[in-house]
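**Q** Model the structure of this input:
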Amino acid sequence: MHHHRSGSGAPLVLIHGVGHHWQAWEPVIDRLGGRFDVLACDSPGFGQSPPLPAGTEPTLWAYVDAFERFLSEHGLDAPHVAGNSMGGAIALELARRGRVASATAFSPAGFWTAAERRYALLSLAAFARMPMGLQPGVRRLARTPAGRAALLAQLVKRPSAVPFDVVDATLVDAFAAPAFAGTLAAFEQYTFTGGGQLDGARVTVAWGDCDRLLPYGRQAPRARNVLPHARHVTLDAGHLPFYDAPDAVASVIRATAAAA
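**A** Numbers count the residues shown, from 1 in each chain. The predicted model follows:
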């Protein structure tokens, strides 16, 4: 699994959402490197990581298995872990398995109704299945402030805070990700349940108050009900909080790790 590693201290594994890459965490990494040995990963089939082994259905649990192997391969017995969206769900499932010292989940997938899941998956499928002929036009659209605002409307509270080159690199990797469409389809099998199994774990769930992909007003309260013993935080951010609120993201991770 390809990853970027920097900093020193307690190990911290960062996991991005579906269709993204490790660079999503770049605004936060420098804010964490003074305290943590940060490993920001490209999940299998995204960024520069090859897909899951042939014949493996790209379910959420298959990704959890892959990260368990990654932890073992790098001698990480109980690292801290933080994830966003799909990565947030992976972080929570790793905590359920007792593999991490703490888990911080930003807008984690899985706290949806069937209708909310369809809405999210259809929204992302537009990028996962984008015809090659349309991709250059979408990238040109991202060059303009109005275009970036339209492309990021569901994901970011302040699109102007996200540089063009960041949006362009994200689009290029998303269009090329071999696991994107299959992983979206496999989400039909996943809903987070059994929150009581995490009662003894050190868990924080943070949600952006302007998340329009996994809507804050519906799914954050559901997460509070399913995980009553977790710490719950509201951020001044969208679904991808890294550019909206990098200081707050880093602060939430540090506080979760400190409590552990």
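**Q** ok, which stretches of the stretch 51-200 of the chain are helices?
**A** 60-73, 86-96, 114-128, 135-141, 145-151, 164-176, 180-186 (DSSP state H, counting those that start in this stretch).
**Q** packing partners for the second one?
**A** So that's helix 86-96. Judged by 3 or more CB pairs under 8 Å, 6 or more residues apart in numbering; DSSP states H and E, helix 86-96 is in contact with strand 10-15, helix 60-73, strand 80-84, strand 102-106, strand 203-208. Glycine gets a C-beta too; all of them are placed from N, C-alpha and C.
**Q** same question for stretch 45-53, mean pLDDT?
**A** Confidence for stretch 45-53, expressed as mean pLDDT, is 98.
**Q** I should have written stretch 252-260 there, sorry.
**A** Average pLDDT, stretch 252-260: 96.
**Q** buried ones in that stretch?
**A** In terms of neighbour count (16 or more other CB atoms under 10 Å), stretch 252-260 has its buried residues at 252, 253, 254, 256, 257.
**Q** and the two most separated of those residues?
**A** 252 and 257 (9.8 Å; CB to CB).
**Q** next one: the helix or strand bottoming out on mean pLDDT in the chain to chain centre, how far?
**A** Lowest by mean pLDDT, DSSP states H and E among the helices and strands of the chain is helix 145-151, with a mean of 94. What separates the centre of helix 145-151 from the centre of its chain is 22 Å, taken as CA atoms, centre = their mean, to the nearest Å.
**Q** which residues are in contact with that helix?
**A** Here helix 145-151 makes contact (CB atoms under 8 Å, 6 or more residues apart in numbering) with 138, 140, 141, 142, 159, 160, 162, 164, 167.
**Q** now the residues you listed: which count as buried?
**A** For the contacts of helix 145-151, a neighbour count by 16+ other CB under 10 Å gives the buried set as 138, 142, 159, 162, 167.
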